[in-house]
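**Student:** sequence plus the predicted model coming up.
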Protein chains: 2
Amino acid sequence: MVLDAMGGDHGPAATVPGALAARREHGVPVVLVGRSDDVRRELRRNGGSGELEVVHADEAVPMTERGAGAARPGSGLLAGCELARRRGGPFVSAGSTGAVVACAVRAFGRREGVLRPALAVALPTPSGSTVLVDAGGTSDPTPEMLAQFAQLGAAYARTVLGVADPSIGLLSIGAEPAKGNRLARAAAGLLPSAPVRFHGNVEGHDVLAGTVDVVVTDGFTGNVVLKNIEGCVRTVLGMVAAAGIAPSGRLDEVARLYSPDTHGGAALLGLTGTVVVAHGSSGAAAVARACVVASELAAVGEPFPPGGGARDDRTPFGPASEGRAPDGRAPTGPVA
Amino acid sequence: MVLDAMGGDHGPAATVPGALAARREHGVPVVLVGRSDDVRRELRRNGGSGELEVVHADEAVPMTERGAGAARPGSGLLAGCELARRRGGPFVSAGSTGAVVACAVRAFGRREGVLRPALAVALPTPSGSTVLVDAGGTSDPTPEMLAQFAQLGAAYARTVLGVADPSIGLLSIGAEPAKGNRLARAAAGLLPSAPVRFHGNVEGHDVLAGTVDVVVTDGFTGNVVLKNIEGCVRTVLGMVAAAGIAPSGRLDEVARLYSPDTHGGAALLGLTGTVVVAHGSSGAAAVARACVVASELAAVGEPFPPGGGARDDRTPFGPASEGRAPDGRAPTGPVA
């Protein structure tokens, strides 16, 4: 598998020891793509000179990069994606989500019928896991795209979490289909006829309650929710510790469940290859975990074959048109 | 103050004992509006016959009501709002948010220059409180409306929380103004010239971190975030208890901070009167708290005079036009 060595807030200082840990502790062979001087220096510092393959790519993509611009010729991120495609292995980056999505789409291409990719994250609930999709792949999707995200999320829950017939909830602000913003209301009209087991609308409090197996939303709301959970876990456990109710060491057991070190990042669904986007703030442990997750995802083979999500005689990916946003405009691409 | 006796998931079974508690424990005189037979029966059941004024209104608005439709002649919710306006006091309801907003706008009217009302909730952070606005007032606002919500939220933080010069963050999915969905990107372009102390974009993890005094977002995202926090607090503390790390009784101290029983609901800002929307699931304690909060809010007088939010020579409520959504369409009204 190929790792973007320059991505993330910490760059090679986190990615290189993370890659070494993935190799040493989990047997996952990692190819590092980035500025080879920086990468080799970091390998030496970690006693790993020559231990991993390094492929030089000159132009690092800054974390502030907004998306499509990152997929330019010469971009190190694009070079990494293309290398992964040529080698037939997964790609991992802790870089700017929008930039990773743009490069991954360009290098791997979308699977047939897929309108836009979506990021999926499995979040721990009291009874198991709930998949949140889209956690930041497409910030202004159309209702048709949300219906596809439901199918991509269902395929992820089946193949990765082993849920035989996953239930799908549409994230909104009331149980009735008429509640929500324009996008949610339009999607609530499409989902009952999509080839998934549609539970209906769910609300913010359902995300971690285990109400459904897959929570579907747009990439803006999903990304806000994902980060809101991270912050909420930190604040609430911090308050418990500060009040002397429990020692913070013990509380870390729960905090860890929601940490990037554990979940290993988000899977970008809907492409012809396996791509994992790690958290921008990932340290070495989170990078290692993302590499392991990517390698496991790739090992399930092609988890989302074009016809794999179909139920009965309904087409797997709905209308061929990508639809229009409820606002009548074309959807915008990956979040930045 | 006037309380919608029929609102909320539990109706008079929660509102009547809540109103009695507000009167008995906090000296807040409550007028109950609703089906007088039901209300008087519940008063008798709680040993409070004749203790509170009851105004009959026949037609209860169901919790599934979608908004504007609730503001019809004959609606008990509208009758309650109009009674509060005539008496010059606050109005409280645990009814459907969209229905309450629609009736309140119709009965009280918006303050001069205000394009749409917004719901504000003060959330506990490790260092104090952060105001989340809009928590569900307007589901598809324009960027201009978000700039006004910032001013309404700042005025709330000043008058209710006593923060002299509140900082404002725009909820998005990256720190850079170019990140976000269309709405957030457009709002990020307006807020630097709005008459508020604009911090810049914040992300989901900042909401409970105390990064800024006021977090501004659209009513859809805000409502999802508010309920997501409620669910997250419940799940995380439940996991701590289930793991035997701390007794659930002690953890309730923290859970209570985020419970409607404590925060008492959301204030609807931008109208000529004081309106508090309590949580639909409110029990008697939460209803009582909402009545007390409404009475306190009303006691600060008119916290948001048309010129009250101005800094320097900038106009308090920006452009007279309500703007267009980034999608080019007119904004939609209150969330349903």
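**Tutor:** Everything's here; your move. Residues are numbered from 1 along each chain as shown, chains lettered A, B, ... in the order given.
**Student:** list the contacts for the most centrally placed residue in chain A?
**Tutor:** With distances taken as Cα atoms, centre = their mean, residue A:266 lies nearest the centre of chain A, 2.3 Å away. Contact analysis of residue A:266 by Cβ atoms under 8 Å, 6 or more residues apart in numbering or on different chains lists A:119-121, A:135-136, A:226, A:276-277. From N, CA and C alone the C-beta is placed, and that goes for glycine too.
**Student:** quick check, pLDDT for it.
**Tutor:** pLDDT for residue A:266: 92.
**Student:** cool, and residue A:336?
**Tutor:** For residue A:336, pLDDT reads 33.
**Student:** in the stretch 1-150 of chain A, what residue lies closest to chain B?
**Tutor:** Per Cβ to the nearest Cβ, residue A:139 is where the stretch 1-150 of chain A lies closest to chain B, at 4.3 Å.
**Student:** and the helix or strand where that residue lies, what's its mean pLDDT?
**Tutor:** Taking DSSP states H and E as the definition, one finds residue A:139 inside strand A:138-140. The average pLDDT for strand A:138-140 rounds to 94.
**Student:** what do you get for stretch A:72-89?
**Tutor:** So the average pLDDT for stretch A:72-89 ends up being 89.
**Student:** how close does the residue lying farthest from the centre of chain A get to residue A:155?
**Tutor:** Residue farthest from the centre of chain A, counting by Cα atoms, centre = their mean, is residue A:244 at 35.8 Å. Look at residue A:244 and residue A:155: by Cβ to Cβ, to the nearest Å, they are 46 Å apart.
**Student:** same deal with residue A:47?
**Tutor:** For residue A:47, the distance to residue A:155 - Cβ to Cβ - is 41 Å.
**Student:** so for the two, which residue has more residues nearby?
**Tutor:** Remark: of residue A:47 and residue A:155, residue A:155 carries more neighbours, 23 against 9, as counted by other Cβ atoms under 10 Å in any protein chain shown.
**Student:** per-residue confidence for the more buried one?
**Tutor:** pLDDT at residue A:155 comes out at 91.
**Student:** after the helix or strand containing it, next one along is what?
**Tutor:** Using DSSP H and E, residue A:155 sits in helix A:143-159. Following helix A:143-159 in sequence order, the next helix or strand is strand A:167-171 (DSSP H and E).
**Student:** can I get the CA coordinates of that next one in CSV?
**Tutor:** Output of strand A:167-171 as CSV, limited to C-alpha atoms (Å, rounded to 0.1, in the frame of the first residue of the first chain):
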residue,chain,number,x,y,z
SER,A,167,-30.9,-0.4,8.1
ILE,A,168,-30.4,3.1,6.7
GLY,A,169,-31.4,6.4,8.4
LEU,A,170,-31.5,9.8,6.8
LEU,A,171,-30.1,12.5,9.1
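**Student:** in the helix ranked longest in chain A, which residues are buried?
**Tutor:** Ordering each helix of chain A by length in residues (DSSP state H) puts helix A:219-242 first. Buried residues in helix A:219-242, counted by 16 or more other Cβ atoms under 10 Å in any protein chain shown: A:219-241.
**Student:** ditto for stretch A:187-207
**Tutor:** A:187-188, A:190-191, A:194-196, A:198-207.
**Student:** now, those that are in strands?
**Tutor:** A:198-202 (DSSP state E).
**Student:** please state the offset of stretch A:236-245 from the chain centre?
**Tutor:** Centroid separation for stretch A:236-245 versus its chain: 30 Å, with Cα atoms, centre = their mean, to the nearest Å.
**Student:** pLDDT on it, on average?
**Tutor:** Stretch A:236-245 comes out at a mean pLDDT of 94.
**Student:** how far away is residue A:152 from residue A:237?
**Tutor:** For residue A:152, the distance to residue A:237 - Cβ to Cβ - is 32 Å.
**Student:** can you check residue A:70 too?
**Tutor:** For residue A:70, the distance to residue A:237 equals 35 Å [Cβ to Cβ].
**Student:** ditto for residue A:128
**Tutor:** Distance, residue A:128 to residue A:237, by Cβ to Cβ: 21 Å.
**Student:** which residues in the stretch 1-150 of chain A form strands?
**Tutor:** Chain-ordered strands for the stretch 1-150 of chain A, with DSSP state E, counting those that start in this stretch as the definition, fall at A:2-4, A:31-34, A:53-56, A:91-93, A:118-125, A:128-133, A:138-140.
**Student:** once you drop chain neighbours, what's closest to residue A:164?
**Tutor:** residue A:158 (7.0 Å; Cβ to Cβ, 6 or more residues apart in numbering or on different chains).
**Student:** same question for residue A:256.
**Tutor:** Using Cβ to Cβ, 6+ apart and skipping the chain neighbours, the partner closest in space to residue A:256 is residue A:262 (5.5 Å).
**Student:** thought the one you found was touching residue A:290?
**Tutor:** No. Residue A:262 is beyond contact range of residue A:290, at 10.8 Å (criterion: Cβ atoms under 8 Å).
**Student:** give me the more crowded residue out of these two.
**Tutor:** Taking other Cβ under 10 Å, residue A:262 and residue A:290 do not tie; residue A:290 has more neighbours (32 against 13).
**Student:** contacts only, for the more buried one.
**Tutor:** Residues near residue A:290 by Cβ under 8 Å, 6+ apart: A:18, A:92, A:94, A:260, A:264-265, A:276, A:278, A:282.
**Student:** so it, which state does it fall into?
**Tutor:** Secondary structure state of residue A:290, per DSSP: H, G, I helix; E, B strand; the rest coil, is helix.
**Student:** next one, pLDDT for it please.
**Tutor:** pLDDT, read off for residue A:290, is 93.
**Student:** state the distance from it to chain B.
**Tutor:** 19 Å (Cβ to the nearest Cβ, to the nearest Å).
**Student:** and the gap between that residue and residue B:44?
**Tutor:** 63 Å.
**Student:** also residue A:11?
**Tutor:** 71 Å.
**Student:** so residue A:71 touches residue A:101, yeah?
**Tutor:** No. Counting by Cβ under 8 Å, residue A:71 does not reach residue A:101; the two are 9.2 Å apart.
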